Structures are given as C-alpha cells and as structure tokens.
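Q: build me a model:
(one chain, ligands or ions: 1)
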Amino acid sequence: MSVREIVQIGHPVLREPARPLAPDEVGAPATQRLIDDLIDTMRAADGAGLAANQVGEAVQVCVAEVRPGNPRYPYKPVIPLTVLVNPVVEALTAETFPVYEGCLSVPGLRGVVERAVEVRVRALDRDGDPLDVVVRGLSAGTFQHETDHLHGTLFVDRVADTRTLCTWDEFRRRHEAAFAERARALVARFGS
Ligand code: ZN
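A: Model prediction:
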C-alpha cells in the first residue's frame with residue numbers, strides 16, 4: 001500500500017475513458033494493490049473520492065469515503081468507505097441541486113455543478129460481488145463526480161456558469177457559509 005502521485009488537469013489520462021475490468025481481474029493482486037493505493041492516496045489528500053485514472057491507471061475503479069471532520073469538505077455527510085469497480089450511475093429523478101465541487105486533480109479551484117439528488121449505483125465491490133445501492137442528497141453528487149472521472153469527464157466540464165469558478169480561499173471567504181447552509185438542508189432532507 002502506498003500513497004501515489006495524483007495527476008493534474010492537463011494530463012491526458014484524465015481524459016481517457018477507463019477500461020472496464022473483467023470479473024476475474026478484480027481479485028488479481030495488481031487490482032487489489034491499486035484499490036489499496038487509491039484508499040491510501042484519497043485519505044492522505046483528504047479527498048472524498050478518487051478514481052484510478054487520477055493515479056494514472058485508466059481502469060474502471062474508484063473509491064469514495066468521507067470521514068467525520070474532513071477538512072476539505074466539512075459540510076459533507078459521512079460516506080462509509082466504498083470501492084466501486086465498473087460502476088454505472090443512473091439518475092432516479094430529474095431533480096438536481098447545485099453543489100460547489102472541487103477535485104484533487106484540479107487544485108485550488110471550485111465551481112458550481114448541478115447533480116441529480118438521487119442515483120442508483122451498480123458496480124462490483126473489491127471482492128467482485130455485485131453492489132446495487134441508491135444514494136441520495138449531497139453524497140449522490142460525490143458518486144456522480146467519481147464515475148464521471150472514469151468517463152474522462154472533470155467537474156469543470158459540468159460547470160454551466162463559469163462565473164461560479166473560484167479559488168479555495170475565495171470559496172472559504174465568500175461562498176462556503178451560504179453553501180454549507182444549503183448543504184445542511186439537503187442532508188436534513190435525505191439524511192445523506
Ligand atoms: Zn475529482
């Protein structure tokens with residue numbers, strides 16, 4: 001297990017659609033090492049999630065986790081550690097909510113993205129067993145962000161109003177309080 005270098009926007013691997021894994025590849029030592037590295041790297045960087053192409057491997061594996069008190073996302077509800085192989089995310093409603101997103105591959109920048117409030121996530125877990133869950137609220141946005149990576153899409157592609165783009169410092173200074181208020185309302189409604 002090790003903390004890997006996170007590639008940054010401009011690196012072509014972030015724009016490459018990731019290759020799905022065959023079921024018998026999931027248990028392979030190389031895949032299991034990659035999953036461990038993704039978890040270590042995400043935690044070391046205080047991320048809410050990390051996709052394999054962010055460490056330079058264009059395969060359909062991503063992880064998500066929000067532990068209490070995450071300094072990058074203090075308003076995010078807890079997400080238990082989740083490993084997704086070959087994830088498919090399907091919106092269960094046309095309702096969206098605006099969320100300030102950031103990304104470890106886009107350092108220092110945040111912007112507003114519309115995300116579905118309720119999604120179904122189907123994938124394999126790290127043991128190759130099928131996983132089929134419904135995710136709601138703010139956490140639904142996290143899963144949409146991570147699976148976007150596996151299709152070569154970054155949050156900045158989904159920022160409809162580029163005037164919402166801001167640095168981390170300006171987000172903190174000018175936008176975080178109002179956004180955290182909206183986030184809390186969403187979390188109160190969905191419990192996640
Ligand atoms: Zn990201």
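Q: how close does the residue positioned nearest the centre of the chain get to T167?
A: Taking CA atoms, centre = their mean, the centroid of the chain lies closest to E146, which sits 3.3 Å from it. To T167, E146 is 23 Å away according to CB to CB, to the nearest Å. Just so you know, the C-beta spots here come from the backbone N, C-alpha and C atoms, and that holds for glycine as well.
Q: and the worst-scoring helix or strand of the chain on mean pLDDT, what other elements does it pack with?
A: Scoring the helices and strands of the chain by mean pLDDT, DSSP states H and E places helix 176-190 at the bottom, with a mean of 92. Counting contacts by 3 or more CB pairs under 8 Å, 6 or more residues apart in numbering; DSSP states H and E, helix 176-190 is packed against strand 96-103, helix 138-150.
Q: can you pull the alpha-carbon coordinates of that helix into PDB?
A: Provided in PDB are the C-alpha atoms of helix 176-190 (Å, rounded to 0.1, in the frame of the first residue of the first chain):
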ATOM      1  CA  GLU A 176     -18.800  28.500   2.000                       C
ATOM      2  CA  ALA A 177     -21.200  29.700   4.700                       C
ATOM      3  CA  ALA A 178     -24.200  30.100   2.200                       C
ATOM      4  CA  PHE A 179     -23.400  26.800   0.500                       C
ATOM      5  CA  ALA A 180     -23.000  24.900   3.800                       C
ATOM      6  CA  GLU A 181     -26.500  26.200   4.800                       C
ATOM      7  CA  ARG A 182     -28.000  24.700   1.600                       C
ATOM      8  CA  ALA A 183     -25.900  21.500   2.000                       C
ATOM      9  CA  ARG A 184     -27.300  21.100   5.600                       C
ATOM     10  CA  ALA A 185     -30.900  21.500   4.300                       C
ATOM     11  CA  LEU A 186     -30.200  18.800   1.700                       C
ATOM     12  CA  VAL A 187     -28.600  16.500   4.300                       C
ATOM     13  CA  ALA A 188     -31.600  17.100   6.600                       C
ATOM     14  CA  ARG A 189     -34.000  16.100   3.800                       C
ATOM     15  CA  PHE A 190     -32.200  13.000   2.700                       C
END
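Q: cool, thanks, signing off.
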